[in-house]
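coords please:
(one chain, ligands or ions: 1)
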Amino acid sequence: MPVPFLDLKLQYQAIKPVVDEALQRVVSAQAFILGPEVEGLEREISAYLGVSHAVGVASGTDALLLPLKALDPRPGDEAIVPAFTFFATAGAVWNAGFRPVFCDVDPDTFNVTLESLEAVWTERTRVVVPVHLFGQMAPMGEILRLARRRGAFVLEDAAQAIGARQKWDVGTEPAPGPSSKGTEEVGKDWVFAGAAGDACAFSFFPTKNLGGFGDGGMVTTFDDSLAEIVRKLRVHGGLQMYHHERVGTNSRLDALQAAVLRAKLPYLEGWAEARRRHAALYDELLAGVEEIRTPKVLDGNYHVYNQYTVRAQRRDELRAYLSQRGIGTGLYYPLGLHLQECFASLGGKKGDLPVTETLTEEVLSLPVFPELTEGQIEEVAEAVREFYRS
Ligand SMILES: *Cc1c(COP(=O)(O)O)cnc(C)c1O
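Okay, here's the model as predicted:
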């Protein structure tokens, strides 16, 4: 039986009545831009994460761009970004006016580490953008301590990690957004992705764990004045019509997206649990396969598996083999950002970031969406084992 990499139709079928009702609400009201649906989603997300502000914007890319623009970069200001992430992380940094400085990542978690940040830190570093790649949070305690000591702003890229959390470990300070929601694993000393850094970007792209019917994004923060600036930037830089304090842009979250996302939000925790069950089953079934390294989860991390990504020997052959058997896979990411043509002027070259460069040759993402059955996971794992036996 074929196993698709992702099938969003199954999710829609399962919750069709509530989503259709939400869409109809917006269509009947004929109110499509910002308004009560967007405000409702902002309220619900900030309550879920335990943050003080959530601002809906047009995409995850803009959710990175607008807080960066709010920092008013001066020429030469640097922002550290992992080289192993989706392009948008670095694209937003560039478009906001920062110079992207690429760092390497951990070979087991695929995330930035304290050492990888320190290795590229300079006097001009003003921002750090840790990415919670594939749904596991980067080590925020270490990152925040370093950034606070050196006066840098921390923008979390949680595009792939809504619902992920981590044991809070920033000295004796209480977590800024303590939450006792979700599973029993989450107590008061846990912090959600999006509630740890100075600001955070989420994406509601359809393939993310909370996906809309198109593009959408959200900025979260505890900082009142930053939230206010982002609210202005998304509507051309001024809250009073035809009066502009800054040059902003049009980056509004539309009401149809907000309504769909509100309908889906109550299911998010359950979907994450299903992803985690699938991941645990893969871990078990692939444990004996020498040629495969399954993803590592750091102690005190609640991984939400937007992707289940392994490191595989003979990756491209394995991928073709699975494809012939009707099994879909994803390849995130095939080229480090320091080697992208558009960043050639920054002087990155092969050999600079060895872990990233190895990962781009070895990573393979297996199907992990919530609606998969145990039988399908077993079939994928069996096909992987067969490939290495043959
Ligand atoms: C998806 C994604 C983004 C961008 O989100 P869009 O909504 O597609 O603009 C940014 N960073 C990471 C890590 C992502 O996965």
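
domains of this protein?
Domains of the chain are assigned by automatic domain parsing as 8-266, 268-389.

ok and the residue in the chain nearest the ligand?
Gly60 (2.4 Å; CB to the nearest ligand atom). All C-beta atoms are positioned from the backbone trio N, CA, C, and that covers glycine.

please name the residues that touch that residue.
For Gly60, the contact set (CB atoms under 8 Å, 6 or more residues apart in numbering) comprises 88, 159, 201-205, 208, 217.

change it to 6 Å
159, 201, 203, 217 (CB atoms under 6 Å, 6 or more residues apart in numbering).

what's the burial count for the residue lying closest to it once chain neighbours are set aside?
Residue nearest to Gly60 in three dimensions, not counting chain neighbours: Ser203, with 2.4 Å by CB to CB, 6 or more residues apart in numbering. Other residues lying near Ser203 total 31 when counted by other CB atoms under 10 Å.

quick check: beta-bridge partners of Ser203?
Per DSSP bridges, the residues bridged to Ser203 are Gly217.

report pLDDT for it.
Looking at Ser203, its pLDDT stands at 98.

ditto for Ile33
On the pLDDT scale, Ile33 gets 93.

what sits against the nearest residue to it once chain neighbours are set aside?
The spatial neighbour of Ile33 that comes closest, neighbours along the chain excluded (CB to CB, 6+ apart), is Arg252 at 5.5 Å. For Arg252, the contact set (CB under 6 Å, 6+ apart) comprises 33-34, 234.

in ChimeraX, how would I select just the buried ones from these?
Typed into ChimeraX, the next command selects the buried ones out of the contacts of Arg252 (criterion: 16 or more other CB atoms under 10 Å):
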select :34,234
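
please determine how far the residue of the chain closest to the ligand is located from His132.
To His132, Gly60 is 12 Å away according to CB to CB, to the nearest Å.

before we move on, what about Leu68?
According to CB to CB, Leu68 and His132 sit 17 Å apart.

nearest residue to Leu372 other than its sequence neighbours?
Distance criterion CB to CB, 6+ apart; nearest residue to Leu372, sequence neighbours excluded, is His278 at 5.8 Å.

that neighbour touches Pro367, doesn't it?
No. Using CB atoms under 6 Å, His278 is not in contact with Pro367; the gap is 8.2 Å.

mind listing what Val154 touches?
Counting by CB under 6 Å, 6+ apart, Val154 touches 128, 147, 197-198.

show me those residues that map onto strands.
Under the assignment DSSP state E, the contacts of Val154 contribute Val128 to strands.

need the buried ones from the contacts of Val154 selected in PyMOL.
Buried subset of those, written as a PyMOL selection, criterion 16+ other CB under 10 Å:
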select buried, resi 128+147+197+198
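
would a markdown table of the contacts of Val154 with pLDDT and distance to Gly375 be doable?
Compiled in a markdown table, those are given as follows (pLDDT from 0 to 100; distance: CB to CB, whole Å):
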| residue | pLDDT | distance to Gly375 |
| --- | --- | --- |
| Val128 | 98 | 43 |
| Ala147 | 94 | 46 |
| Gly197 | 94 | 40 |
| Asp198 | 95 | 45 |
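
of the contacts of Val154, which pair is most distant in space?
By the measure CB to CB, Val128 and Asp198 form the most distant pair in the contacts of Val154, at 9.6 Å.
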